[in-house]
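1. Provide a 3D model corresponding to the input given below.
(chains A and B)
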Amino acid sequence: MNSIIEINDLDLFYGDFHALKHVNMEIPEKAITAFIGPSGCGKSTLLRTFNRMNDMIAGTRIEGKVEIAGTDIYSNEVDVETLRKRVGMVFQQPNPFPKSIYDNVAYGPRLHGISDRKKLDEIVETSLRSAALWNEVKDHLKRSAYSISGGQQQRLCIARALAVEPDILLMDEATSALDPISTLKIEELAQELKDRYTIVMVTHNMHQAARVSQQTVFFLNGEVVEYSETEQLFSNPTDQRTEDYISGRFG
Amino acid sequence: MKAKTADKIATAVIIAVSGLIVLVLAGLLGYILIRGVGHISFDFLTSPPETIRIGGGIGPQLFNSIFLLVLTMIITIPIGLGAGIYMSEYAPANRITNFIRLIVEVLSSVPSIIVGLFGLLVLVNMFNFGFSLFSGALALTVFNLPLMVRITEQGLKGVPREQKEASLALGLTKWKTITSVMLPISMPVVLTGTILAAGRVFGEAAALLFTAGMSSPRLDFTNWNPLSPFSPLNPFRPAETLAVHIWKINSEGLAPDASQIAAGASAVLVITVLLFNFGARWLGRYMYRKFTAIK
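-> Predicted coordinates for the structure are as follows:
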């Protein structure tokens, strides 16, 4: 498998706090990679370096290299907005805009300069279809995004992210606020999407990682403890700490 | 048992105090309205005032108040929004920013007569704008700006972080995120605040005595050339507003029906300010529903 994200000796500091320590990793293209580990282990922090959302937090300092498709995303030539178009993100809480379902999906393309009505209709439909939501909402696209259920809202957020045609989709505990049925739907959706997108998901739920991902990374205190194929990591971990964590001895 | 008695006494006192406040307010409003409403007629609202004869109206003053309000808001809204956006989204969290915030607070509590005298010295005399609507509007801007800045800042700060991040994560610039996600979300708050600020402009008198002036030229409501000195639209003419008119007529009115006119004008003023307040609440709720609710 080709790798699309390459991380070399990455260190990240929030002020004095050393949040990520010497991270080295390659993330394969068109597959699902899961980040697991206890709260505060740095998994979300690493995820947020991929689309540079950490830039918003004052006092963040980065050393080392993060390359996406061969480009160092922290170099000066990189335009953050272009990067974020290529690296979409879905958040922990469903966060649709207080607009209609249609406008939520059309928001990104519209502000990136597409104004042709037909083209927008097309993007909205394809994105909603890709997010497995089209059939449920196609008859009331003009309704408020808050009128649908939490699980549907989260799929709407996925559609919104897909509408700007990213290559990579980051999911930051995207199912932790959802009920089991909605969670399952999102997991199935992720399985479908992995043929076209590279997905990196942070999850609290080890079973979820085992169910959906091909690669799993185990974090502890800002360090990558173990990184391998999901089956291998769960059935035959090489590090004692990984084994303790997945067998529920802590975390 | 003792705690229960104390609780009962406290409850009774609180109810009595709130009741008293409501009574005073209702009495005040009722007094103004009962005395004045009878005098309000179409003729009263549209005809010019008389100096010594009976039957004068408040037409030009009413027009002046509204026009001054519009002028003030034209100046206040862009500056206030801009400063509010800066304070909320761009200003670094440091001592200078906090100092600016403090200055803004202080500015909003400067007594209005001081603002009026400042306007007289600086706007009317130094910059030579004369007693004019423009001077008045600038003086009122001094008042309204702090309110506007604070409201905008609070409105934007109230936007959930998730919404902001969602937009940024789609690759939208900060500015586009502010204009297309954050401002619409904070719109109900900002709009309500703006209308309340506008209501304050309507009732203000002290700051206008020395800036917009206490007289109004004979306005010709058929002349809409803003450059003509008799046109109602000329922003560089002196303009007595309704609130100033009430003050003047009460202190030095010569017309035999001066007290009725004052009562009628006061009623008009109170009704307008009430309309502004209710309008603001209604519009705020309407906008909030429009942006969030299930249709």
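
2. tell me the mean pLDDT over stretch B:29-47?
-> Per-residue pLDDT over stretch B:29-47 has a mean of 83.

3. Check the separation of the first and last residues in it.
-> Criterion Cα to Cα, to the nearest Å; first-to-last residue distance in stretch B:29-47 is 25 Å.

4. Just give the number of residues close to residue 147.
-> Unless you meant another one, I'm taking chain A. Counted with other Cβ atoms under 10 Å in any protein chain shown, residues neighbouring A:Ser147 total 15. No exception for glycine: its C-beta is placed from N, CA and C like everyone else's.

5. Not quite, go with chain B.
-> 19.

6. what sits against the nearest residue to it once chain neighbours are set aside?
-> Spatial nearest neighbour of B:Leu147, chain neighbours left out: B:Ala197 (4.8 Å); criterion: Cβ to Cβ, 6 or more residues apart in numbering or on different chains. By Cβ atoms under 8 Å, 6 or more residues apart in numbering or on different chains, B:Ala197 lies in contact with B:Thr76, B:Asn144, B:Leu147, B:Met148, B:Ile151.

7. try 10 Å
-> Counting by Cβ atoms under 10 Å, 6 or more residues apart in numbering or on different chains, B:Ala197 makes contact with B:69, B:72-73, B:76-77, B:80, B:140, B:143-148, B:151, B:276, B:280.

8. For chain A, state which of those is nearest.
-> Closest approach between the contacts of B:Ala197 and chain A, by Cβ to the nearest Cβ: B:Ile151, at 19.2 Å.

9. For the closest one, give me the pLDDT.
-> In this prediction, B:Ile151 has a pLDDT value of 90.

10. B:Phe291 too?
-> If you check B:Phe291, the pLDDT there is 64.

11. Same check on the one 4 residues further on?
-> Per-residue pLDDT puts B:Lys295 at 40.

12. swap in B:Gly203?
-> pLDDT at B:Gly203 comes out at 82.

13. Which residues of chain B lie near chain A?
-> B:92-93, B:159-174, B:176-177, B:179-181, B:184-185, B:288-295 (Cβ under 10 Å from any Cβ of the partner chain).

14. and these, which are buried?
-> B:159, B:163-172, B:174, B:176-177, B:180-181, B:184-185, B:288, B:291 (16 or more other Cβ atoms under 10 Å in any protein chain shown).

15. Could you pull up the residues touching A:Arg249?
-> Taking Cβ under 10 Å, 6+ apart, one finds A:Gln240, A:Arg241, A:Glu243 in contact with A:Arg249.

16. Could I get the phi/psi values of it?
-> phi -80, psi -20 (degrees, to the nearest 10).

17. Report how many residues lie close to residue 98.
-> All of this is about chain A. For A:Pro98, the count of nearby residues is 20 (other Cβ under 10 Å).

18. should've been chain B
-> By the criterion of other Cβ under 10 Å, B:Asn98 has 11 neighbours.

19. Next, find the distance separating it from A:Ser213.
-> B:Asn98 sits at a distance of 47 Å from A:Ser213 (criterion: Cβ to Cβ, to the nearest Å).

20. so where does the residue nearest to B:Leu147 fall, helix or strand?
-> helix B:183-203 (DSSP states H and E).

21. And that helix, how far out from the chain middle?
-> In terms of Cα atoms, centre = their mean, to the nearest Å, the centre of helix B:183-203 is found 9 Å from the chain centre.

22. what do you get for stretch A:86-97?
-> Distance, stretch centre to chain centre, for stretch A:86-97: 8 Å (Cα atoms, centre = their mean).

23. contacting residues for A:Lys65?
-> Contacts of A:Lys65 (Cβ under 10 Å, 6+ apart): A:Glu6, A:Ile7, A:Asn8, A:Asp9, A:Leu10, A:Asn24, A:Asp72, A:Ile73, A:Tyr74, A:Ser75.

24. Of the residues you listed, which belong to strands?
-> A:Glu6, A:Ile7, A:Asn8, A:Asp9, A:Leu10, A:Asn24, A:Asp72 (DSSP state E).

25. between those residues, which is closest to B:Ile21?
-> A:Leu10 (61.8 Å; Cβ to Cβ).

26. Dihedrals phi and psi, B:Val273?
-> Dihedral angles (degrees, to the nearest 10) for B:Val273: phi -60, psi -40.

27. hang on, the earlier thing: now for the contacts of B:Ala197, which sits with the most neighbours around it?
-> B:Leu140 (32 neighbours).

28. Surely it is in contact with B:Val115?
-> Yes - counting by Cβ atoms under 10 Å, B:Val115 is a contact partner of B:Leu140 at 8.2 Å.

29. who touches both of those two?
-> Shared contacts of B:Leu140 and B:Val115, defined by Cβ under 10 Å, 6+ apart, comprise B:Glu204, B:Ala207, B:Leu208, B:Thr211.

30. Report the separation between the third one and B:Val270.
-> Per Cβ to Cβ, B:Leu208 is found 18 Å from B:Val270.

31. Please identify which of these two sits among more neighbours.
-> Neighbours around B:Leu208 and B:Val270, counted as other Cβ under 10 Å, are more numerous at B:Leu208. The numbers are 31 against 17.

32. residues touching the more buried one, list them.
-> Taking Cβ under 10 Å, 6+ apart as the test, what B:Leu208 contacts is B:64-65, B:68, B:112, B:115-116, B:119, B:131, B:133, B:135-137, B:139-140, B:201, B:214, B:239-241, B:243-244, B:247.

33. how about 6 Å then?
-> Residues in contact with B:Leu208 (Cβ atoms under 6 Å, 6 or more residues apart in numbering or on different chains) are B:Gly136, B:Thr241, B:Val244.

34. least trustworthy position among these, going by pLDDT?
-> B:Thr241 (83).

35. right, and it touches B:Asn64 too?
-> Yes - between B:Thr241 and B:Asn64 a contact is recorded at 4.9 Å, counting by Cβ atoms under 6 Å.

36. Would you map the helices across the chain?
-> Went with chain A since none was named. A:43-50, A:80-86, A:101-111, A:117-130, A:134-137, A:150-162, A:180-193, A:206-212, A:230-235, A:240-246 (DSSP state H).

37. sorry, should have said chain B
-> B:2-37, B:42-46, B:59-85, B:95-108, B:112-118, B:133-157, B:161-169, B:174-177, B:183-203, B:206-209, B:242-252, B:258-292.

38. Thanks a lot, catch you later.
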